[in-house]
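1. can you look at this prediction? I've put the sequence above it.
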Amino acid sequence: MFVKNDGRALLIVSLTAALLVYGMLANVSSPFASASPDDLTLTLNTDKGNYQNGEEIRIFGDVYGSDGITPVGSGVVTILFSCGEWSRRLSVEIDDGFYEVYYTISFGDKEGTWEILASAVDGAGNTGETSDTIVVSLPSNIYYTISFLFPPNTIMLPRGSAVMLSLQVKDMGGALIGGADVSYRSPTNDDVPLLEGAPGTYSATYTLKWDDPTGDWCISAEATTMFGGNLKAGGTYTIVDVRPAVLQLDLLSPSERELGIGEQAEIEVRASYPDGTPVEGATVTLSALGHNNIVLTGEGNGVYKSGAISFENAGGQLISLTVVDADNNHVSGNYVLNIVPAPLPSGVIFLLALVAVVLAIGISAAVLTRKKIYSNKLETIRAEKKHIARLQTEAAEKYFKEGSISRETYDSLMQGHARRMAELDKEERKRTGKALKGTSKKKETI
C-alpha cells in the first residue's frame, strides 16, 4: 500500500506507461490512431448506434496526417455501408481535417448489422481507413411488400445501358396497392420516383452514366402511403452488376491504310462512347513492330494523333490501339497497314519497260517478282504472328505481374490478339497449301 503522494504518482505513471506499451503491442486503436497502417489516420462517428429504416444517419469524423495531430486540409472520405450482399457508397469532402455526411435509410435498404468503412485520401494520394458498425432494424409501420419484375437479380449491364425498372407493391394479404409513393435509389444516391402504369405496378427508366460506379449497384426501392396521418411503408432491393462501357474506335489516318516503305505518317483515331459522344481526356496507346507504347495526343472532339512514324518492311503491318478513359471505359483494336515499296521514277520505269521488250524477259521477270512477293507475304505473316505473341505476353505481364491494367482491359486485349492470330493462322495455311500445290505441278511438268 502506497501512502505518500510521490508514491501514488509513481504508481499512476507506471500503470499508464504499461497500458500504453500494451496498447501499442496489441494494436489497440485510439481516437488518434485508427486501425489503419496507411499514411492518414481518421476517426469515425455516428450520432447513435441503432437506427430504423426511414431514419437519417449522421456520419462524421476527423482526418489527420501521419503524425496523428496535423489536420488534413482537403481530400475525400468515401463511406461504404455493407450488410451481407447489400452495400451503399457515398463520398464527402474533407474540410480542414473534418468530414460530415448524412444518409437517409431507405425502407428498401437491408436491415441488420451494418459495417461502415471510412476510407480517406488527401490531395497528395496519402490514404487511411477505419471502420465501425451500427444496427438497422425494421420499424413497426411495414405493411407492404415489393417484388421486382425487372431487372433480375445480378444481371450484368455496361455503362450507358438504359435500365428498365419495374416492380409491384402489395399488402400483406397479396392485394396490389395503387396510388403509393414509390421511388428507387440511384447509383449517386438520388431518390428517383417510379410512375404507376397499371394498378399496383410501377416503373421508371434509368440510363447508366459513363462515370457511374462499377460493380454491384444495390437498387433499393420503397413504397409509402399516408392513411389517417399514419405512414405505411415497405421496400426491398435488387442488385445489378455494372460494367465499364466498351468504347468505339475508328482509324482516321492513314485513310487508305497503305504507306510506302520509310514514309513518315501520323496515326490518327477517333474514340467515342456508344451514343456517339466524343471521349475526351483518354489515354490512347499504339503498339506495332518497332514502335511500342506510343502515347497519342488528344486533338479535341475525341480525336487522338501520334507523331510521325514509319515502317521499313514491306507487307502487312499490324498496329494495336488501346483507349482507356478516366473512368476505365475502354476499347482495343487491331488494324493492318499495307506497307508497299516506294514508286520508281518515271524515267526508270520507261527504261525497264524498254529493256524488257528488247531482251524478251518480261514474263520471266514477272514470275520471279511474283514468287518473291509471295515469299515476302509469308514471311510478313510469320513476323506478325511473333509480334502478336509478344503483345500477348506484355498484356499478361501488365495485368498479372504489374497490375497496371484492369481485368476488363486485359480480356479485351487478349480477345483482339486471339482473333488476329486465328486470321493469320488461316492465311498461313492457305498460302502454304498454295506453295505445295505449285511445287507438285512443277514436278509433273518436268
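-> Thanks, I have it. From a predicted model like this one, the values you see are computed outputs, not experimental measurements.
2. and His387, that's in a strand?
-> No - under DSSP: H, G, I helix; E, B strand; the rest coil, His387 sits outside any strand and is assigned helix.
3. what's the nearest residue to it once chain neighbours are set aside in contact with, if anything?
-> The spatial neighbour of His387 that comes closest, neighbours along the chain excluded (C-beta to C-beta, 6 or more residues apart in numbering), is Leu289 at 5.1 Å. For glycine as for every other residue, the C-beta is placed from the backbone atoms N, C-alpha and C. Applying C-beta atoms under 8 Å, 6 or more residues apart in numbering to Leu289 gives the contacts 311, 313, 317-318, 383-384, 387.
4. what's the PyMOL line that selects buried ones from those residues?
-> Listed next is the PyMOL selection for buried residues among the contacts of Leu289, using 16 or more other C-beta atoms under 10 Å:
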select buried, resi 311+317+318+383+384+387
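5. now the contacts of Leu289 as JSON lines including distance to Thr154?
-> Putting these into JSON lines (distance: C-beta to C-beta, whole Å) gives the following:
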{"residue": "Phe311", "distance to Thr154": "47"}
{"residue": "Asn313", "distance to Thr154": "49"}
{"residue": "Gln317", "distance to Thr154": "43"}
{"residue": "Leu318", "distance to Thr154": "38"}
{"residue": "Ala383", "distance to Thr154": "45"}
{"residue": "Glu384", "distance to Thr154": "40"}
{"residue": "His387", "distance to Thr154": "39"}
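6. give me the number of neighbouring residues for Asn50.
-> Neighbour count of Asn50, defined by other C-beta atoms under 10 Å: 10.
7. ugh, typo on my part, it should be Tyr410
-> Residues near Tyr410, counting by other C-beta under 10 Å: 16.
8. next, find the distance separating the closest residue to it other than its chain neighbours from Glu384.
-> Spatial nearest neighbour of Tyr410, excluding adjacent residues (C-beta to C-beta, 6+ apart): Tyr399 at 3.9 Å. To Glu384, Tyr399 is 23 Å away according to C-beta to C-beta, to the nearest Å.
9. leaving out chain neighbours, which residue sits closest to the residue nearest to the spatial centre of the chain?
-> Most central in the chain under C-alpha atoms, centre = their mean is Asn328, positioned 3.5 Å from the mean C-alpha point. What sits nearest to Asn328 in space, not counting adjacent residues and going by C-beta to C-beta, 6+ apart, is Pro244, at 5.0 Å.
10. now do the one you found against Phe311, distance only.
-> Distance, Pro244 to Phe311, by C-beta to C-beta: 32 Å.
11. check Val279 too.
-> Note on Val279: its distance to Phe311, by C-beta to C-beta, is 27 Å.
12. can you map out the strands along the stretch 101-250 of the chain?
-> 112-122, 127-137, 144-150, 155-158, 162-171, 181-185, 191-193, 195-198, 201-207, 215-227, 230-243, 248-253 (DSSP state E, counting those that start in this stretch).
13. quick one: strands adjacent to the third one?
-> Just to be clear, that refers to strand 144-150. Sheet pairing of strand 144-150 (DSSP bridges) gives strand 162-171 (antiparallel).
14. give the burial count for Gly128, as a bare number.
-> Residues near Gly128, counting by other C-beta under 10 Å, number 25.
15. so who does the closest residue to Ile134 other than its chain neighbours touch?
-> Closest residue to Ile134 apart from its sequence neighbours, by C-beta to C-beta, 6+ apart: Trp114 at 5.1 Å. Residues in contact with Trp114 (C-beta under 8 Å, 6+ apart) are 81-83, 133-136.
16. what pLDDT is listed against Trp114?
-> pLDDT for Trp114: 98.
17. what is the neighbour count of the residue nearest to Leu194 when sequence neighbours are not counted?
-> In this structure, Leu194 finds its nearest non-sequential neighbour in Tyr202, 3.9 Å apart by C-beta to C-beta, 6+ apart. Residues within reach of Tyr202, counting by other C-beta under 10 Å, total 26.
18. test my guess that Tyr202 contacts Leu176.
-> No - the pair Tyr202 / Leu176 is not scored as a contact, 10.4 Å apart, by C-beta atoms under 8 Å.
19. need the overlap of contacts for those two.
-> Taking C-beta under 8 Å, 6+ apart as the contact rule, Tyr202 and Leu176 both touch 168-169.
20. the domain parsing of the chain - what is it?
-> What automatic domain parsing lists as the domains of the chain is 1-30, 32-134, 144-243, 248-445.
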